[in-house]
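S.K.: Sharing a model that was predicted from the sequence below.
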Amino acid sequence: MTNPGFEAFKLAFQDPDSRVRLNSDVSEQYYSQILSMNITNGYLDGVDIDFSEHLNAVIGGRGTGKSTLLECIRYALELEPIGKNAIKQHNEIIKENIGKSKARIELTIRSSKMNGKKFTISRKYPESIFVKDEDGNISSFKPSDLLPEIEIYGQNEIYEIAQDNDSQRKLLSRFLEVGYGESDFKIKESLKALSDNRVKLASAMDNVAATEEELSRLPKLEEQVKQFKSMGIEDKLKIIPLLENEKRLKERIQNEEIKSLKQAVESVSGGLPDTVFLSEKALGNLPHKEILNKIKMNLDKIRTETVSCGKSGKACR
């Protein structure tokens, strides 16, 4: 409806929910801004900058203070760099320009989180920050409360992050959705349960192996008994009752104990955790779907190998 007319009027009523709206129904939009920065004392004493409402770039030659401006804002907002070199550079810039004379950095910001209200964030080296509201009263809010989604990265820092896996993980962790923590907890619980089940299966299979080893000795003993009987020295050997007792034990082991052990192994295998909570539908469009899919594949592989271990009757590794 850029050009009012009858055709535009008809088009509006084809989709009234998105095209027709009363002014009273339109909610006011608030945007977060850094309005100004002021520095007192030190090498940068007297620096007072009012930022344009539409500022989206700071342009200047080498050594004109672009990085210093960025690091001062970062310091005032208590935002820590990610890369090792970025941390070193940040500390050097702040120490050289702010720390030597214990200067103070003061930022005036507008917070969309607080419905467009203005706040003043002040930090003196090496102290913590304090925040004032529009009326000059001390506020209990922190910069992370007022500007929760602000991110600051230096040019060299971006390159460093791109070269380091740990730095990449730290960066990506800031953008993970709220539900990721719950999924991560479930994954850790599943891994722990798998580890516990593996130990139980290994112990059960060791018992089976020991029992089978004992059983393998019985035929030899039975053959010795037959030889003793054929030699007519049965009455002289007191071992016969013991062998009979072992025979009864063998039958009990074969008919009861080994069966119970196998049932125990099957019971443990049946209690292995399922990865249905990491299904394709559950992952949806999560930003790290590929990583979570790899974790799911590893969990499924562990489950398959553990079940196969119980069926094969071999000790788990």
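M.R.: Noted; the coordinates are in hand. Numbering: from 1, shown residues only.

S.K.: any idea which helix or strand comes after the lengthiest helix in the chain?
M.R.: In the chain, assigned by DSSP state H, the helix with the most residues is helix 179-230. Note on helix 179-230: by DSSP states H and E, the next helix or strand toward the C-terminus is helix 239-252.

S.K.: What residues of that following helix count as buried?
M.R.: 243, 246, 250 (16 or more other Cβ atoms under 10 Å). C-betas here are computed from N, CA, C, even on glycine.

S.K.: Over to stretch 110-126?
M.R.: Buried residues in stretch 110-126 (16+ other Cβ under 10 Å): 110, 111, 112, 114, 119, 120, 121, 122, 123, 124, 125.

S.K.: Wait, the last one touches residue 96, no?
M.R.: No - if you go by Cβ atoms under 8 Å, residue 125 and residue 96 don't touch, sitting 11.0 Å apart.

S.K.: Next one: residue 89 from residue 155, what distance?
M.R.: Separation of residue 89 from residue 155 (Cβ to Cβ, to the nearest Å): 11 Å.

S.K.: overlap in contacts of those two?
M.R.: Residues touching both residue 89 and residue 155 (Cβ atoms under 8 Å, 6 or more residues apart in numbering) are residue 67.

S.K.: Looking at the two, which one has more neighbours?
M.R.: Between residue 89 and residue 155, residue 89 has the larger neighbour count (other Cβ atoms under 10 Å), namely 18 against 11.

S.K.: thinking again about what came up before, need the max-distance pair from the buried residues of stretch 110-126.
M.R.: Longest distance between any two of those is 28.8 Å, between 112 and 125; criterion Cβ to Cβ.

S.K.: domains for this structure, by residue range?
M.R.: 27-173, 179-312 (automatic domain parsing).

S.K.: Deepest-packed of those, please.
M.R.: Stretch with highest mean neighbour count among the domains of the chain: domain 27-173 (a mean of 15; mean count of other Cβ atoms under 10 Å).

S.K.: what about that one, how long is it end to end?
M.R.: 32 Å (Cα to Cα, to the nearest Å).

S.K.: chain center to it, what's the gap?
M.R.: 27 Å (Cα atoms, centre = their mean, to the nearest Å).

S.K.: And for stretch 244-252?
M.R.: For stretch 244-252, the distance to the chain centre is 56 Å (Cα atoms, centre = their mean).

S.K.: Give me the contact list for it.
M.R.: 215, 218, 221, 222.

S.K.: Let me know the closest of the buried residues of stretch 110-126 to residue 288.
M.R.: Nearest to residue 288 among those is residue 112, at 26.7 Å by Cβ to Cβ.
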